[in-house]
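Student: Have a look; sequence and predicted model below, questions after that.
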Amino acid sequence: MPAHRNPPEVDRVAAARAAVAARRARAAVKAQVASGERSALEVARAAWTDADLPAEKSLRVRDLLTSISGIGPARAEAVMGELRIAPSKRLGGLGSRQRTALADWLAARGRKRGASKLVVLAGPTAVGKGTVSAHIREQYPDVNLSVSATTRKPRPGEVDGVHYYFVDDAEFDRMIRDRELLEWAVVHNSYRYGTPRPPIDRALDAGDKVMLEIDLQGARQVRDAMPEAVLVFLLPPTWDELVRRLIGRGTESAEEQARRLETAKVELAAQDEFDVRIVNSDVGTAAREVVDLFSAP
Ligand SMILES: Nc1ncnc2c1ncn2[C@@H]1O[C@H](COP(=O)(O)OP(=O)(O)OP(=O)(O)O)[C@@H](O)[C@H]1O
Ligand SMILES: Nc1nc2c(ncn2[C@@H]2O[C@H](COP(=O)(O)O)[C@@H](O)[C@H]2O)c(=O)[nH]1
């Protein structure tokens, strides 16, 4: 007697139901990671060691990573590139080297997160990075704001060692040569700015919160050097408001304003590279949203 076969439409319905159930099961695993109920490392290890966990095994590495607080799509892509894991890979499909690399990365991130966090604030000119940072400096003294080195001259009221370390070109060259800078860049085609690395390492080692307020080029360098950093892009409520803030600040010539606005367009187009986007409509609210990232689960 021939084996019983379901009519094709019954097979299709059953397959569709199974696919929906599998998707739901994977979404549940992602929700567990997002809420902190299970760590991403725990889920990965379960996928590799327990034969009976189809949802964990079929979960894409990208989806696991983006379930972790502070990791957005761009960051997940960068981490997977660093670990040499193809974008479509699922946990169950990783080779042994990739499993080790991913487990090491997740463990290192877990250790860092337990002790401290590094938040990088970037965004276009005049969006209010300096204003939000100053608010954080005043209202949240437990956040260590990195003091950058720069070759530009101090503005009235700026204090060496508080707002910046004002150095000459020879000293900046020396800092680069001696690998004292975590990142550096020529900003607005004029002066060099860089983040001294030793104070950052000391603060993170002590478990303190650290925030950098730097430009887009520097943020990209920090992301590569310290993948555990959370990258924040500060946005203006509207383009017209950004222009108003730049002109209203009145610290640049009309020619310099035009140049900065051209750069701002390019920078705004790069916002998807960041883990978190915060709109600076109100300084206090934006500052709180940044500071909240330090205690995100
Ligand atoms: N939420 C806000 N609402 C209204 N005005 C704001 C807000 N945040 C900042 N500003 C104003 O916008 C102007 C630009 O702010 P700020 O100098 O902090 O920008 P920035 O991003 O640090 O700029 P740059 O990168 O060019 O140094 C300032 O005059 C500031 O007072
Ligand atoms: N890449 C870096 N950019 C930095 C750093 N410190 C500040 N900046 C950025 O420079 C511009 C201009 O600052 P200003 O004080 O001269 O108006 C601003 O966008 C800052 O974010 C740094 O260490 N590295």
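Tutor: Structure's in. What do you need? Ligands and ions are numbered 1, 2, ... in the order given.

Student: Which residue ranges of the chain form helices?
Tutor: 8-35, 40-49, 54-57, 61-67, 73-82, 96-115, 129-139, 169-177, 197-205, 216-225, 239-249, 254-268, 283-292 (DSSP state H).

Student: Output those as TSV; include the columns mean pLDDT and mean neighbour count.
Tutor: All C-beta atoms are positioned from the backbone trio N, CA, C, and that covers glycine. Formatted as TSV, the helices of the chain follow (pLDDT from 0 to 100; neighbours: other CB atoms under 10 Å):
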stretch	mean pLDDT	mean neighbour count
helix 8-35	87	13
helix 40-49	91	19
helix 54-57	94	19
helix 61-67	94	22
helix 73-82	90	17
helix 96-115	77	15
helix 129-139	96	17
helix 169-177	97	13
helix 197-205	89	15
helix 216-225	91	19
helix 239-249	97	15
helix 254-268	94	14
helix 283-292	94	17
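
Student: For Ala122, find the nearest of those.
Tutor: Smallest distance to Ala122 across these (CB to CB): 4.2 Å, for helix 216-225.

Student: Tell me the helices and strands packed up against that closest one.
Tutor: On a contact count with 3 or more CB pairs under 8 Å, 6 or more residues apart in numbering; DSSP states H and E, helix 216-225 meets helix 73-82, strand 117-122, strand 181-187, strand 191-196, strand 230-235.

Student: related to what we said a few turns ago, in TSV: the helices of the chain, plus distance to Val147.
Tutor: As requested, these are exported to TSV (distance: least, CB to CB, whole Å):
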stretch	distance to Val147
helix 8-35	35
helix 40-49	34
helix 54-57	44
helix 61-67	32
helix 73-82	26
helix 96-115	22
helix 129-139	11
helix 169-177	13
helix 197-205	7
helix 216-225	14
helix 239-249	22
helix 254-268	23
helix 283-292	18
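
Student: Distance to ligand 1 added to those, as TSV?
Tutor: Output for the helices of the chain, formatted as TSV (distance: least, CB to the nearest ligand atom, whole Å):
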stretch	distance to ligand 1
helix 8-35	29
helix 40-49	33
helix 54-57	43
helix 61-67	28
helix 73-82	21
helix 96-115	28
helix 129-139	3
helix 169-177	19
helix 197-205	20
helix 216-225	10
helix 239-249	3
helix 254-268	6
helix 283-292	5
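
Student: quick one: contacts for the nearest residue to Pro54 once chain neighbours are set aside?
Tutor: In space, and not counting its chain neighbours, Pro54 is closest to Ala22: 6.7 Å by CB to CB, 6 or more residues apart in numbering. By CB atoms under 8 Å, 6 or more residues apart in numbering, the contact set of Ala22 is Pro54, Ala55, Ser58.

Student: before we move on, what about Asn189?
Tutor: Asn189 makes contacts with Arg259, as judged by CB under 8 Å, 6+ apart.

Student: if I look at it, how far off is ligand 1?
Tutor: 13 Å (CB to the nearest ligand atom, to the nearest Å).

Student: do the same with Gly250
Tutor: Distance, Gly250 to ligand 1, using CB to the nearest ligand atom: 8 Å.

Student: in terms of contact, does Arg220 touch Phe274 like I think?
Tutor: No - counting by CB atoms under 8 Å, Arg220 sits too far from Phe274 to count as a contact (10.0 Å).

Student: give me the number of residues near Arg60?
Tutor: Using other CB atoms under 10 Å as the criterion, Arg60 is surrounded by 18 other residues.

Student: contacting residues for it?
Tutor: The contact partners of Arg60, by CB under 8 Å, 6+ apart, come to Ser88, Lys89, Arg90, Leu91.

Student: show me what contacts Asp240?
Tutor: By CB under 8 Å, 6+ apart, the contact set of Asp240 is empty.

Student: same question, Trp184
Tutor: By CB under 8 Å, 6+ apart, the contact list for Trp184 reads Ala149, Phe172, Met175, Ile176, Arg192, Tyr193, Gly194, Thr195, Gly218, Gln221.

Student: I'd like to know the beta-bridge partner residues of it.
Tutor: Beta bridges link Trp184 to Gly194 when assigned by DSSP bridges.

Student: And the pLDDT for it?
Tutor: Reported pLDDT at Trp184 in the predicted model: 98.

Student: before we move on, what about Ser116?
Tutor: Reported pLDDT at Ser116 in the predicted model: 41.

Student: likewise the one 5 residues further on?
Tutor: According to the model's per-residue confidence, Leu121 sits at a pLDDT of 97.

Student: and if you look at Met211?
Tutor: Met211 carries a pLDDT value of 97.
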